[in-house]
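> got a sequence here, can you build the structure:
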Amino acid sequence: RTTFKINTLDKPITVGSSIFSIGSCFSENITKRLEASKLNTLSNPFGILYNPTSLAQSLRRHMHSKWMQPQEIFEFEGLYRAFDFHSNLAKPGKQDAILTCNNSIRNGKIFLDNCTHLFITFGTSRVYQFIETKTIVGNNHKLPANLFSKVQLQVEDIVLDWKELIAELRNKYPTLKIIFTLSPVRHLKDGAVENALSKATLLQSIHELIKIYPDLYYFPAYEIMMDDLRDYRFYEKDMIHPNEIAIDYIWEIFKTNCISERQNLLIAQMDSINSAMQHRPFYPDSQQHQSFKQLTFKKLEVMQEEFPEVDFTNEKQHFI
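I've put the predicted structure just below:
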């Protein structure tokens, strides 16, 4: 192991916090754990996005309610899609696709206007540029490769774009805490050297932004994976994505450095409740299982007194 000092978040996530998370699939892994601990979260309204240009574009759409226009929607393989959105938002009808995209923009806008923390995960700085319009796309939807050129973003371009965006965010949401992280998922389809250059570009960009805005926070998920968990035991079978053991390990470090003591107390109690909810008894009507349900329900009532601002309705319903 190679351990290193990690800075603590000056405005920790706590009971009642709302976290808007955008970026790669790693950000969704962290968000799932935040959500399981009864925190208010919204993750990737446009679907998973990897590059900083598309992430900036998505945030601007939310902030300024930049609705999808009909000319931004195109049909491919029987589904209507948009380059700013993931394929899982594609629809068989054009109007339905526009409505789905605009609902995502609206929901993101509402959440962003009221959230306390913005969690941003950069994944790659190698992007697809649509040749016809010279625009960088969030998702190429597996269109023919000859429609795109592959471009390596430069540090100065990323910094300029995000410097302006962070100024907009600060002006509109002065109390918002912005957290950056770099995805530990490697994009080896681009090549090992190209992936290293891509990650280095993103890392330098983030730290250049921190020089401009010193109160930005960087959580070193990438460094934990590369330097602390530097063993293929901590990867999925594809040898690219961190496995559950690695994500749990990074989550523990995130809890220690970014989450308040009170919220960590709630997380520990919710771990027990979530485990109880997953329990599948052989004999649901047995006295033993009924006693288990009653004890868990009483535990939830005690938790409700301890955390009155948290809604435990769904959990209580499970054990009635």
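> show me where the stretch 51-200 of the chain has its helices.
Ranges of helices in the stretch 51-200 of the chain, per DSSP state H, counting those that start in this stretch, are 52-64, 94-112, 155-172, 192-212.
> and the first one, what other elements does it pack with?
Contacting helix 52-64 under the criterion 3 or more CB pairs under 8 Å, 6 or more residues apart in numbering; DSSP states H and E are the following elements: strand 18-23, helix 94-112, strand 117-122, strand 135-137, helix 155-172. The C-beta positions use only the backbone N, C-alpha and C, and glycine is treated the same way.
> same check, this time on the second one
For helix 94-112, the contact count by 3+ CB pairs under 8 Å, 6+ apart identifies strand 18-23, strand 40-43, helix 52-64, strand 79-81 as packing neighbours.
> quick check: mean pLDDT across that helix?
Summarised as a single mean, pLDDT over helix 94-112 is 96.
> work out the gap between it and the centre of the chain.
In terms of CA atoms, centre = their mean, to the nearest Å, the gap separating the centre of helix 94-112 from the centre of its chain is 18 Å.
> which outside residues touch that helix?
For helix 94-112, the external contacting residues (CB atoms under 8 Å, 6 or more residues apart in numbering) are 18, 20, 42, 45-46, 58-59, 61-63, 65-68, 70, 73, 75, 79-82, 84-85, 89-91, 118, 173.
> lowest average confidence, helix or strand, in this protein?
The helix or strand of the chain with the poorest confidence is helix 25-36; it has a mean of 90 (mean pLDDT, DSSP states H and E).
> in it, what's buried?
Within helix 25-36, the residues that count as buried by 16 or more other CB atoms under 10 Å are 26-31, 33-34.
> make TSV out of the helices and strands packed on helix 94-112 and add distance to L295, mean neighbour count and mean pLDDT.
TSV is the format used below for the helices and strands packed on helix 94-112 (distance: least, CB to CB, whole Å; neighbours: other CB atoms under 10 Å; pLDDT from 0 to 100):
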stretch	distance to L295	mean neighbour count	mean pLDDT
strand 18-23	31	24	96
strand 40-43	28	20	96
helix 52-64	43	21	96
strand 79-81	49	19	96
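> out of those, flag the one nearest F282.
Nearest to F282, of all those, is strand 40-43, at 34.4 Å by CB to CB.
> mind listing the strands that closest one pairs with, and their directions?
Applying DSSP bridges to the sheet, strand 40-43 is found paired with strand 18-23 (parallel).
> dump the helices and strands packed on helix 94-112 to JSON lines, plus distance to S275.
Below are these laid out as JSON lines (distance: least, CB to CB, whole Å):
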{"stretch": "strand 18-23", "distance to S275": "23"}
{"stretch": "strand 40-43", "distance to S275": "20"}
{"stretch": "helix 52-64", "distance to S275": "34"}
{"stretch": "strand 79-81", "distance to S275": "39"}
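> which stretch among those comes nearest R126?
Of the helices and strands packed on helix 94-112, nearest to R126 by CB to CB is helix 52-64, at 11.2 Å.
> need the CA coordinates for that closest one. CSV is fine.
Extracted in CSV, the C-alpha atoms of helix 52-64 (Å, rounded to 0.1, in the frame of the first residue of the first chain):
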residue,chain,number,x,y,z
PRO,A,52,-15.4,18.1,-19.4
THR,A,53,-16.8,20.0,-22.4
SER,A,54,-20.0,17.9,-22.4
LEU,A,55,-20.3,18.2,-18.6
ALA,A,56,-20.0,21.9,-18.8
GLN,A,57,-22.6,22.1,-21.5
SER,A,58,-25.0,20.0,-19.5
LEU,A,59,-24.7,22.3,-16.4
ARG,A,60,-25.3,25.3,-18.6
ARG,A,61,-28.4,23.8,-20.0
HIS,A,62,-29.7,23.2,-16.5
MET,A,63,-28.7,26.6,-15.1
HIS,A,64,-30.2,28.6,-18.0
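> begin at 38 from now on, thanks
Right, with 38 as the first residue, what we last looked at is helix 89-101.
> between that helix and helix 131-149, how big is the angle?
Note on geometry: by axes from the mean of the first three to the mean of the last three CA atoms, to 10 degrees, helix 89-101 and helix 131-149 are set 80 degrees apart in direction.
> which residues outside helix 89-101 are in contact with it?
59-60, 82-83, 86, 103, 121, 142, 145-146, 149, 157, 159, 162, 164, 173-175, 190, 195, 198-199, 202, 205-206, 209, 239, 242.
> neighbours of N140, how many?
When counting by other CB atoms under 10 Å, one arrives at 12 neighbours for N140.
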